[in-house]
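Enquirer: sequence-free structure coming up:
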């Protein structure tokens, strides 16, 4: 949410070169919709199996089906897609900093922690899954 607000705020506070113009900016809506759908799909799967979505809590089940077949972290991927879609919709150069920044922070801070936790909890099952499915895409 912070990255969304920063992206929108920077677009208006620091108007920099516009690199995407209408009608091409409308293509960002596809990224936003796909990112939201991916987040909802993953969230529904967590709730269906009654396991946690929260990174600081211990999961009770390892998810490997649905969106987890294409990405080990589809919710972070979905958030990145929303930020990228917003950058395209806004069209200004500065807004593209935020999807990249989100990916870097998510990767080094949250995902690395979560993956260590998953490996500790699920052991070989997670190791095997990690060998088959990429972190992002």
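Expert: Looks like it arrived, so ask away. Since the model is a prediction, treat every value here as computed from it, not as a measurement. Numbers count the residues shown, from 1 in each chain.
Enquirer: for the longest helix belonging to the chain, packing partners?
Expert: Scanning the chain for the helix with the most residues, using DSSP state H, yields helix 28-48. Packed against helix 28-48 by the contact rule (3 or more CB pairs under 8 Å, 6 or more residues apart in numbering; DSSP states H and E) you find helix 74-90. C-beta here means a position set from N, CA and C on the backbone, and glycine is covered the same way.
Enquirer: for the helix it packs on, give the mean pLDDT please.
Expert: Averaging the model's pLDDT scores along helix 74-90 yields 98.
Enquirer: stretch 30-47 too?
Expert: Mean predicted lDDT for stretch 30-47 stands at 97.
Enquirer: quick one: buried residues of it?
Expert: For stretch 30-47, the neighbour count (16 or more other CB atoms under 10 Å) marks 31, 32, 34, 35, 38, 39, 42, 45, 46 as buried.
Enquirer: stretch 5-19 now?
Expert: Going by 16+ other CB under 10 Å, stretch 5-19 has these buried residues: 6, 7, 10, 11.
Enquirer: can you list contacts of that stretch?
Expert: Applying CB atoms under 8 Å, 6 or more residues apart in numbering, the contact partners of stretch 5-19 are 83, 86, 87, 90, 91, 92, 93, 94, 95, 97, 98.
Enquirer: find the nearest non-adjacent residue to the last one, please.
Expert: If you skip the residues right next to it in sequence, residue 98 has residue 7 as its closest partner in space, 4.1 Å away by CB to CB, 6 or more residues apart in numbering.
Enquirer: distance to residue 108 and neighbour count for the contacts of stretch 5-19 - can I get that in JSON lines?
Expert: As requested, the contacts of stretch 5-19 are exported to JSON lines (distance: CB to CB, whole Å; neighbours: other CB atoms under 10 Å):
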{"residue": "83", "distance to residue 108": "17", "neighbour count": "26"}
{"residue": "86", "distance to residue 108": "22", "neighbour count": "23"}
{"residue": "87", "distance to residue 108": "21", "neighbour count": "25"}
{"residue": "90", "distance to residue 108": "26", "neighbour count": "20"}
{"residue": "91", "distance to residue 108": "28", "neighbour count": "18"}
{"residue": "92", "distance to residue 108": "26", "neighbour count": "19"}
{"residue": "93", "distance to residue 108": "24", "neighbour count": "16"}
{"residue": "94", "distance to residue 108": "22", "neighbour count": "18"}
{"residue": "95", "distance to residue 108": "22", "neighbour count": "27"}
{"residue": "97", "distance to residue 108": "16", "neighbour count": "16"}
{"residue": "98", "distance to residue 108": "16", "neighbour count": "23"}
